[in-house]
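Fold the stuff below for me.
(chains A, B and C)
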Amino acid sequence: MPDTAILWFRRDLRLDDNPALTRAMAASDLVLPLYIHAPAEESPWAPGAAARWWLHGSLSALDRSLRERGSRLLIATGDSRDTLLRLCALTGATRVYWNRLYDPATRARDTRIKLDLRARGLHCESHNALLLREPWELLNTTGGPYKVYSAFWRKSSLGLDRLGRDAALPAPADCKRSPTMDEPELVQSGVDALDLLPRIRWDQGLAASWQPGESAALARARRFIAGDATGGVGGAGLVALDDYAQARDLPARPGTSGLSAHLHFGEIGPRRLLAMIEDAHGSLAAPGAETFVRELGWREFAHHLLYHFPQTTTEPLDPRFTCFPWRTEGTAPLLAAWQRGRTGVPLVDAGMRELWRTGWMHNRVRMVVASYLTKNLRLPWQAGAAWFWDTLVDADLAANTLGWQWTAGCGADAAPYFRVFNPVRQGERFDPQGDYVRRWCPEISRLPDKFIHQPWTAPAPILAAAGLTLGRDYPRPLVDLAGSRLEALAAFDRIKAP
DNA sequence: TTTTGAGTTGTTCGA
DNA sequence: GTCGAACAACTCAAA
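Alright, predicted model coming up:
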């Protein structure tokens, strides 16, 4: 009787640098790759609509890679524990392997499953494919979790040299196929049966912008970090990473890595990215590289925080914010205008429309729209987080929670209360020619640069020349920026420590 | 033990 | 136009 192992894929949809896969292959004669679709177990943070679209593509791609290696992905629907037990019974598998996740619901579920499987005499192992360091490993001098990024990163980056970090594992050349995989009762459904794609096909914009899957992730990482045969994103000979520190702030340019969704679904991991950077640039401290590696550090920080403070997906980390005077009257139309990109503030609207169309928004603009929602509109950050959760292909509970709490001022290492982004000024600094705004708000594209970020200040003849009537072709501002800023500062005053 | 200084992403105001 | 100051309270580590 051959020894069979189940490899339970979750958000580690790759063969490269996959320690659970490597261990399962080493320890067993046959490996059964499995994905279980169990959205109820992730509630209330089951993947949103945009993330489901990505998941569909990612699972299809993983199945293709496995088939190229003589195996395939088995897809099941239903209770995870029952499915694992049933498959063990059907196939005679005695070992189950997976890579750990750190969000509260999944952690609780996985702990129960691990205890249950072990109680039934099954071998059960979990590994780390997601993070550079485990959340319980990296603590401050008093033994508690870090709440300040700079201190976290100082400590964390000490371990990032070649000596102190786990190496990225290579993908196996072939995956030991289990012959039992062809038994009919095991063939439950293909990816299509999971119903992940939208009924109304609003996903063309997503498909035009993104290619889910491990090979696309690796290709994008290579293009970004090392440049490829065509010379990289920025033009002949220019590697995007070299220019990252400056270009990443300009939403009109492809200056960011674009790896967020690939990272969320584990199509590529941080260890592989660091290895690629060192191979291409010799060191993690090379120009541009250091800035990008710090961003990976923020990703780590977010996951560590969620591990230590699981309630922060819905509750502010700073308890004073439980009595923050969020707006209570007439919130629905304000939220709807923000969601649809109809606030009358071009940079905010451009960002929200980019999100709606492509399932992604440039990082700089995410901060601007989040600041606008929480400070100028004074709507609770949870409302923004929920919208991002449903519309972002890269929606990640840890990153989303940290990002929104940071902007709102109630999280770890929060933005100081007085940091209220002025979307006009941000537009002038980071989109000076208005290229980004014109791309997503074509109705104001004929305005001169001087007014592109503040159409409401344009004199009537300028508006007429641009063929633009405010209130008809493009909204007047939903709220006054200067006034709402002062109201936000006053609101912060009311929750100050006594 | 206590103190000190620094801290992802900003804006406004007055000189 | 530019420039520095002011805008809290708290965390964390180093002195």
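
which SSE is the residue of the stretch 351-498 of chain A found nearest DNA strand C in?
Across the stretch 351-498 of chain A, the shortest distance to DNA strand C (Cβ to the nearest atom of the strand) belongs to A:Pro416, at 3.1 Å. All C-beta spots, glycine's among them, are computed from the backbone N, C-alpha and C. Following DSSP states H and E, there is no helix or strand that holds A:Pro416.

and if you look at the one 4 residues further on?
A:Val420 is part of no helix or strand when elements are defined by DSSP H and E.

what sits against it?
By Cβ atoms under 8 Å, 6 or more residues apart in numbering, the contact list for A:Val420 reads A:Ser371, A:Lys375, A:Asn376, A:Arg485, A:Ala488, A:Leu489.

quick one: A:Glu315 and A:Arg419, what's the gap?
Distance of A:Glu315 to A:Arg419, given as Cβ to Cβ, to the nearest Å: 22 Å.

one step back: of the contacts of A:Val420, just the buried ones, ChimeraX syntax please.
A single ChimeraX command is used to select the members of these judged buried by 16 or more other Cβ atoms under 10 Å:
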select /A:371,375,376,485,488
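
just the contacts of A:Val420 now: which is nearest DNA strand B?
For the contacts of A:Val420, the nearest to DNA strand B is A:Arg485 (6.2 Å; Cβ to the nearest atom of the strand).

Give me the nearest residue to the closest one, chain neighbours excluded.
In space, and not counting its chain neighbours, A:Arg485 is closest to A:Val420: 4.9 Å by Cβ to Cβ, 6 or more residues apart in numbering.

With A:Thr313 instead?
Closest residue in space to A:Thr313, ignoring its immediate chain neighbours: A:Thr401 at 5.2 Å, by Cβ to Cβ, 6+ apart.

likewise A:Leu397?
Leaving out its chain neighbours, the residue that sits closest to A:Leu397 by Cβ to Cβ, 6+ apart is A:Asp103, at 4.8 Å.

so what's the backbone phi/psi at the residue nearest to A:Arg485?
Phi and psi for A:Val420, reported as degrees, to the nearest 10, are phi -110, psi 110.

Then A:Leu7?
Torsion angles at A:Leu7 (phi, psi; degrees, to the nearest 10) stand at phi -100, psi 110.

Likewise for A:Trp98?
The phi/psi pair for A:Trp98 (degrees, to the nearest 10) reads phi -150, psi 170.

And A:Arg378, by the same measure?
The phi/psi pair for A:Arg378 (degrees, to the nearest 10) reads phi 50, psi 40.

For chain A, which residues are neighbours of DNA strand C?
A:140-142, A:144-148, A:151, A:154-155, A:414, A:416-418, A:493, A:496-497 (Cβ under 7 Å from any atom of the strand).

Any chance of a PyMOL selection covering the buried ones in those?
Remark: buried members of those, expressed as a PyMOL selection using 16+ other Cβ under 10 Å:
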select buried, chain A and resi 145+146+147+414+417
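
and A:Gln382, that's in a helix?
Yes - assessed with DSSP: H, G, I helix; E, B strand; the rest coil, A:Gln382 lies in a helix.

Can you tell me how far the closest residue to it other than its chain neighbours is from DNA strand B?
Spatial nearest neighbour of A:Gln382, chain neighbours left out: A:Thr314 (6.3 Å); criterion: Cβ to Cβ, 6+ apart. Distance of A:Thr314 to DNA strand B, computed by Cβ to the nearest atom of the strand, to the nearest Å: 21 Å.

try A:Asp279
25 Å.

so who does that residue touch?
A:Ala226.

Please, which helix or strand holds it?
Following DSSP H and E, one finds A:Asp279 within helix A:270-281.

Buried residues, that helix. List them.
Neighbour-count burial for helix A:270-281 flags A:Pro270, A:Arg271, A:Arg272, A:Leu273, A:Leu274, A:Ala275, A:Met276, A:Ile277, A:Glu278, A:Ala280, A:His281 (criterion: 16+ other Cβ under 10 Å).

wait, A:Ala61 sits on A:Ser215?
Yes - using Cβ atoms under 8 Å, A:Ala61 is in contact with A:Ser215, at 6.9 Å.

So between those two, which is more surrounded?
Neighbour tally, A:Ala61 and A:Ser215, criterion other Cβ atoms under 10 Å: the higher count belongs to A:Ala61, 23 against 15.

Just say helix, strand or coil for that one.
Following three-state DSSP, we place A:Ala61 in the helix state.

Show the residue spans covered by the strands in chain A.
With strands called from DSSP state E, chain A shows them at A:4-9, A:30-37, A:74-77, A:95-99, A:123-127.

need the contact list for A:Pro198.
Taking Cβ under 8 Å, 6+ apart, we find A:Pro198 in contact with A:Ala49, A:Arg52, A:Trp53.

So, low pLDDT: which residues of chain A?
Residues of chain A meeting the criterion pLDDT under 70: A:158-159, A:161-164, A:178-188, A:228-239, A:497-498.

and chain A, which residues reach DNA strand B?
Residues of chain A lying near DNA strand B (Cβ under 7 Å from any atom of the strand): A:148-150, A:249, A:294-295, A:298, A:363-364, A:367, A:403, A:406, A:413, A:415-416, A:418-422, A:425-426, A:429, A:481-482, A:485.

Buried by neighbour count, from those: which ones?
Using 16+ other Cβ under 10 Å as the burial test, the residues of chain A next to DNA strand B include A:149, A:249, A:295, A:298, A:363-364, A:367, A:403, A:406, A:413, A:415, A:420-422, A:426, A:481, A:485 as buried.

Just the ones of the residues you listed in helices?
Among those, the ones falling in helices (DSSP state H) are A:Tyr149, A:Glu295, A:Trp298, A:Asn363, A:Arg364, A:Met367, A:Gly403, A:Trp406, A:Gln426, A:Leu481, A:Arg485.
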